[in-house]
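*Asks:* Curious how this folds, go ahead:
(one chain, ligands or ions: 2)
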Amino acid sequence: MCLLCKKYVAFLDDSKKMTIQEIILADAAATEEAGRYLGRSLQTGDIITLSGDLGAGKTSLARGILSELGFQEEVPSPSFALMIDYEPPEVSLPVAHVDLYRLDNPEDIQELGLDEFAFYGALLVEWPERLGQVIDQIWPDRLALHLDILEDNRRRLTWQRPSYWENRWPPLEY
Ligand SMILES: Nc1ncnc2c1ncn2[C@@H]1O[C@H](COP(=O)(O)OP(=O)(O)OP(=O)(O)O)[C@@H](O)[C@H]1O
Ligand SMILES: [Mg+2]
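*Replies:* Numbers count the residues shown, from 1 in each chain. Ligands and ions are numbered 1, 2, ... in the order given. Predicted coordinates:
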């Protein structure tokens, strides 16, 4: 059975519980709103990866998370810096916003010090594809979000969610 409404495509899973499988984001504001929902439950050690084509909305979603955590200024894309970190008091939880698009070699990620960062903050990582297969070993508990650009320019948000995220994603309402 498939229920189609404005934002969600939901299916009944084996235990007959309603599970949302994807969220259609009508505009950039909706993408940021999804980020704000995630920001409400974000905690130390969380790793969220954001994949999708160029311009899919990854930074917009990160922007929503940071805004929910209290960051009030413009959130730049970390494409050139590779990583921009946000610390209290500007945010309620330390966050490293990372963009691996320009990472030449997956091993270079060590230089960013992300493992140390995840001890006291959360990681938001655009272009996780750049890490290849090794990602499953280094971040098995990550929430992997994926954005697709639809023909009408809306975005479709899908995900792979480990049990670690079960009570926090997907939303029933946001
Ligand atoms: N749901 C949406 N519908 C239409 N446009 C959107 C949506 N979400 C974001 N956008 C727009 O898409 C454009 C690209 O967004 P953004 O910079 O967040 O993408 P990105 O995936 O981070 O890109 P890059 O791959 O360059 O890092 C922006 O103009 C943004 O406003
Ligand atoms: Mg981006």
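
*Asks:* all contacts plus neighbour counts: C-alpha atoms, from now on.
*Replies:* OK.

*Asks:* Look at the nearest residue to residue 22 once chain neighbours are set aside and report its pLDDT.
*Replies:* In this structure, residue 22 finds its nearest non-sequential neighbour in residue 158, 4.8 Å apart by CA to CA, 6 or more residues apart in numbering. What the model reports as pLDDT for residue 158 is 97.

*Asks:* Any idea what residue 158 is bridged to?
*Replies:* residue 146 (DSSP bridges).

*Asks:* Quick one: neighbours of it, just the number.
*Replies:* 18 (other CA atoms under 10 Å).

*Asks:* Any regions of the chain where pLDDT drops low?
*Replies:* Applying pLDDT under 70 to the chain picks out residues 1-18, 173-174.

*Asks:* near ligand 1, which residues of it?
*Replies:* 25-28, 30-31, 53-60, 153-155 (CA under 6 Å from any ligand atom).

*Asks:* Okay, and which of these map to strands?
*Replies:* Mapping the residues of the chain next to ligand 1 onto strands (DSSP state E) picks out 25, 155.

*Asks:* coming back round to it: the residue nearest to residue 22 and ligand 1: what is the separation?
*Replies:* According to CA to the nearest ligand atom, to the nearest Å, residue 158 and ligand 1 sit 13 Å apart.

*Asks:* Residue 143 now?
*Replies:* From residue 143 to ligand 1 the distance is 17 Å (CA to the nearest ligand atom).

*Asks:* Over to residue 48?
*Replies:* Counting by CA to the nearest ligand atom - residue 48 and ligand 1 are separated by 14 Å.

*Asks:* Over to that residue. Which of the three states is it?
*Replies:* strand (DSSP: H, G, I helix; E, B strand; the rest coil).

*Asks:* what residues are up against it?
*Replies:* Neighbour list for residue 48: 123, 124, 125, 142, 143, 144, 145 [criterion: CA atoms under 8 Å, 6 or more residues apart in numbering].
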